[in-house]
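Sharing a model prediction with you, sequence too.
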Amino acid sequence: MSRLTLHIVAIGELLWDEYPQQRYLGGSPTNVIWHGCHLGCRAEVVGRVGADAAGDEWISLMQSMGLSTRYVQRDPERPTGSVQVRVSKNGQPVYGCTQEVAFDHLTFDRSLEELASSADAVYFTTLGQRHPKAAAAIGQFLDAAGKALKVYDLNLTGWNDRIAATVEAGLQRCQVLQVNQNEMAFLHRYFNSHMDDHGLLRYLLQLYDLRLVALTLGDNGCLLMSPQETLAHSGFNVAATDTNGCGDAFCAMMMVKLLAGASLAEIADQSCRLAAWVATRPGAVPDWSVADLAAIAPRSAADDLW
């Protein structure tokens with residue numbers, strides 16, 4: 001990129017992550033811009049919270065963390081969204097998201113049109129489009145983003161005809177796709193696939209003319225696939241306490257490194273490092289430094305090429 005500062009935008013679900021003892025800023029778009037800011041980007045989140053006490057607190061905490069709320073809408077009728085998070089003994093979170101909340105009613109307007117036109121990359125998810133109104137607004141934003149890199153994090157919690165249509169529209173609009181192991185099962189069924197994961201990812205790469213596909217594998221690292229290369233990274237040795245937000249951290253690093261022209265090997269290494277760091281801390285947006293990531297011990301001496 002010729003610009004000194006990359007401009008990334010994340011659009012979709014804005015909410016609170018409600019743990020039994022504490023709540024944290026939540027929603028994948030928020031998590032992505034937090035890491036984007038740490039990576040030196042101009043980062044904006046687009047979404048909607050309620051005109052309620054939970055929304056006031058959400059805005060206040062964002063601003064105290066140095067994150068922009070310029071494009072966060074307030075809904076006078078619906079509450080701020082939340083997710084009930086329960087973490088198992090091995091650090092795996094279980095989620096329960098509130099319904100008919102503010103982020104479901106995102107509205108596309110002139111200010112969002114102007115923001116979209118200036119973005120280098122736009123991150124979006126399926127969850128943020130679960131309501132037709134929000135889906136329409138996000139679709140308009142992506143269309144207005146022109147040549148910006150569109151990064152689609154599948155972020156599935158289930159499957160039905162409506163989700164299938166949303167996924168299909170997202171695949172047609174994006175250039176980068178991120179999925180996890182659980183989501184691959186949905187994709188195999190949707191595409192009536194008799195292939196293994198590698199074969200289906202290669203099929204998606206070609207069918208939708210994608211620039212990059214990322215399959216995240218938890219503590220086993222990731223698989224990255226471009227039209228020219230396929231690379232597997234075996235991950236890092238960390239003691240996971242809470243894996244909530246690891247995929248968002250991975251995606252933020254991957255997006256920024258791809259925009260900067262990094263190799264697949266560097267993208268995989270740095271994205272896995274950041275995801276591993278997040279897994280060692282509670283909540284989805286722990287603070288971190290370059291030194292923190294550098295100190296993480298690799299699982300193996302080198303990447304494996306497929």
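Yes, it's here.

tell me which residues in the helix or strand that contains L115 are buried?
Assigned by DSSP states H and E, L115 belongs to helix 110-118. Buried residues in helix 110-118, counted by 16 or more other Cβ atoms under 10 Å: L112, L115, A116. Using the backbone N, CA and C atoms, a C-beta is placed for each residue, glycine as well.

per-residue confidence averaged over stretch 59-73?
Taken as a whole, stretch 59-73 has an average pLDDT of 96.

Alpha carbons only: can I get it in PDB?
Extracted in PDB, the C-alpha atoms of stretch 59-73 (Å, rounded to 0.1, in the frame of the first residue of the first chain):
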ATOM      1  CA  ILE A  59     -19.500   3.900  24.200                       C
ATOM      2  CA  SER A  60     -17.700   5.200  27.200                       C
ATOM      3  CA  LEU A  61     -15.400   2.100  27.500                       C
ATOM      4  CA  MET A  62     -14.600   2.200  23.800                       C
ATOM      5  CA  GLN A  63     -13.500   5.800  24.000                       C
ATOM      6  CA  SER A  64     -11.500   5.100  27.200                       C
ATOM      7  CA  MET A  65      -9.600   2.400  25.300                       C
ATOM      8  CA  GLY A  66      -8.800   4.900  22.500                       C
ATOM      9  CA  LEU A  67     -11.200   3.400  20.000                       C
ATOM     10  CA  SER A  68     -13.400   5.400  17.700                       C
ATOM     11  CA  THR A  69     -17.200   5.400  18.100                       C
ATOM     12  CA  ARG A  70     -17.900   7.900  15.400                       C
ATOM     13  CA  TYR A  71     -19.800   5.400  13.300                       C
ATOM     14  CA  VAL A  72     -21.700   3.700  16.100                       C
ATOM     15  CA  GLN A  73     -25.400   4.400  15.800                       C
END
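
one step back: now do the helix holding L115: everything it contacts.
With Cβ atoms under 8 Å, 6 or more residues apart in numbering as the test, helix 110-118 has contacts from 7, 9, 44, 46, 71, 122, 137, 140-142, 144-146, 148.

Just list the residues touching A284, thanks.
For A284, the residues meeting the contact criterion (Cβ under 8 Å, 6+ apart) are D17, Y24, L25, G26, N31, N244, G245, D248, A249, V278.

can you check A144 too?
Neighbours of A144 in contact, by Cβ under 8 Å, 6+ apart: L112, E113, A116, S117.

ok, those residues vs A54, which is closest?
For the contacts of A144, the minimum distance to A54 (Cβ to Cβ) is 22.9 Å, reached by L112.

could you pull out the helices for the stretch 101-250 of the chain?
For the stretch 101-250 of the chain, helices defined by DSSP state H, counting those that start in this stretch occupy the ranges 110-118, 132-144, 161-173, 181-190, 197-207, 246-259.

looking at those helices, which is buried most?
Mean neighbours per residue, mean count of other Cβ atoms under 10 Å, is largest over those for helix 246-259, with a mean of 26.

tell me the angle the helix holding L115 makes with helix 132-144.
Relative orientation of helix 110-118 and helix 132-144, computed by axes from the mean of the first three to the mean of the last three Cα atoms, to 10 degrees: 40 degrees.

Checking my notes, V46 in a helix, right?
No. Read with DSSP: H, G, I helix; E, B strand; the rest coil, V46 is strand and lies in no helix.
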